[in-house]
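Participant: what follows is a predicted protein model with its sequence.
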Amino acid sequence: MIKYIFIALSLLFTFGCSASNYCTSSSDGLNDEMKLNPSKYQEKFLKGIDFIARGNEPFWNIEIDFDGKMTFTSLAEIENFSIEKSIKVIEKDDYVTLYQTKNDSGEINVTVTKIDCSDNMSGEKFDYSVSVSIKQSGANELTIFKGCGSYLYDFRLYDIWVMKEMTGIELDRNKLMKGLPTFEFNLTDMRFGGHAGCNNLSGTIEIKGNKIKFGSIISTMMACPDMTVEQAVVKALDKNSFTYKIEKMKLTLENESGLIMVLQKVD
């Protein structure tokens, strides 16, 4: 009897997942739809969209391109905006970021707070709570919308990469105990791991559009004959930010001082 119950539950789970194309888990902070249907959001990212948010009652949607475009649409009795102008970014602290822009039609302020948020209609989970305030030209009061949002990023980053170049550093696999530095990015847990030629390294990552920020680097403590490469890699990554781009199976990281790392995708 127990055997048949187990089989029935297994079939129910299998076909339940098939009917909706996925089975969800809210154990991590990643938006389920992004995690399970990345192609939809990958297309938006490749078109230049770095952040999306939406809410209900009334329905509204906003898309932000950090290079200077913000598009707001809503079913409310308010003008839809598409502003192609410089976006001011104010990082109040590690948890709150404000995006501001305006034109002759009015101004938009988007406050993004790192607090878990659930869409009250679809039940989808997001990493950020979002408040959008709009003041149309000639209006005396702000119109405020509340909802949830997520930063987009290049899902191709979710892979294993071997370092081929680094500014000011000679990379010779024969001089490195474990070979060339190798990293794996896990976008589900927002962590990376790997090694820098000698010791194993790991740490958290935060990705917003084409920006990636590394947390404190955790390393094993093994001594190797030549630690030059490892020390340079750890110093470069530890609590630092980079822009990144992926082209032809190559990942390029560049920080504000011009330091560049080029990594090759592992087949």
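Facilitator: Cool, the structure landed.
Participant: just the buried residues of the strand or helix carrying residue 101, please?
Facilitator: Here residue 101, judged by DSSP states H and E, is contained in strand 96-103. Of the residues in strand 96-103, those with enough neighbours to count as buried (16 or more other Cβ atoms under 10 Å) are 97, 99-102. Every C-beta, even on glycine, is put in place using the N, C-alpha and C of the backbone.
Participant: same question for it, mean pLDDT?
Facilitator: Per-residue confidence for strand 96-103 averages out to 91 on the pLDDT scale.
Participant: okay, now the sheet partners of it, with direction.
Facilitator: Under the criterion DSSP bridges, strand 96-103 sits next to strand 88-91 (antiparallel), strand 106-113 (antiparallel) in its sheet.
Participant: what are the contacting residues of that strand?
Facilitator: 51, 64, 70, 83, 85-92, 107-114 (Cβ atoms under 8 Å, 6 or more residues apart in numbering).
Participant: over to stretch 186-198?
Facilitator: The set of residues that contact stretch 186-198 without belonging to it, under Cβ under 8 Å, 6+ apart, is 28-30, 35, 153, 155, 157-158, 160, 176-185, 200-207, 214, 219, 222, 224, 227, 229-230, 233-234.
Participant: so what's the gap between it and the chain middle?
Facilitator: Put simply, stretch 186-198 sits 15 Å off its chain's centre (Cα atoms, centre = their mean, to the nearest Å).
Participant: got the end-to-end distance for that stretch?
Facilitator: This stretch, stretch 186-198, spans 21 Å end to end (Cα to Cα, to the nearest Å).
Participant: can you list the domains in this structure?
Facilitator: Segmentation of the chain into domains, based on automatic domain parsing, reads 22-151, 155-265.
Participant: any idea of the mean pLDDT for the shortest one?
Facilitator: The average pLDDT for domain 155-265 rounds to 95.
Participant: and the closest residue in space to residue 259 that isn't next to it in sequence, how many residues sit next to it?
Facilitator: Once flanking residues are discounted, residue 259 sits nearest to residue 167: 4.7 Å by Cβ to Cβ, 6 or more residues apart in numbering. Burial of residue 167 is recorded as 14 neighbouring residues (other Cβ atoms under 10 Å).
Participant: quick one, phi psi at residue 167?
Facilitator: As for residue 167, its main-chain torsions (degrees, to the nearest 10) stand at phi -50, psi 130.
Participant: coming back round to it: tell me which of the strands paired with strand 96-103 sits most buried.
Facilitator: Highest mean neighbour count of the strands paired with strand 96-103: strand 106-113, a mean of 20 (counted as mean count of other Cβ atoms under 10 Å).
Participant: so how far is it from its chain's centroid?
Facilitator: Remark: strand 106-113 is offset 20 Å from the chain centroid, using Cα atoms, centre = their mean.
Participant: that strand: what's the following helix or strand?
Facilitator: Note on strand 106-113: by DSSP H and E, the next helix or strand toward the C-terminus is strand 117-118.
Participant: which neighbouring elements make contact with whichever helix or strand comes after that next one?
Facilitator: Reading on from strand 117-118 to the C-terminus, the next helix or strand found by DSSP H and E is strand 125-126. Helices and strands touching strand 125-126, as assessed by 3 or more Cβ pairs under 8 Å, 6 or more residues apart in numbering; DSSP states H and E, comprise strand 117-118, strand 143-151.
Participant: can you tell me who the residue most central in space within the chain pairs with across the strands?
Facilitator: The residue lying closest to the centre of the chain (Cα atoms, centre = their mean) is residue 207, at 3.5 Å. Beta-bridge partners of residue 207, counted by DSSP bridges, are residue 212.
Participant: now residue 61
Facilitator: With DSSP bridges as the criterion, residue 61 is bridged to residue 54, residue 73.
Participant: any idea how many residues pack against residue 140?
Facilitator: Residue 140 is surrounded by 6 other residues when neighbours are defined as other Cβ under 10 Å.
Participant: and it, what helix or strand is that in?
Facilitator: Going by DSSP H and E, residue 140 is not part of any helix or strand.
Participant: same thing with residue 44?
Facilitator: When secondary structure is defined using DSSP H and E, the element that contains residue 44 is helix 38-46.
Participant: could you give me the average pLDDT of that helix?
Facilitator: Helix 38-46 carries an average pLDDT of 81.
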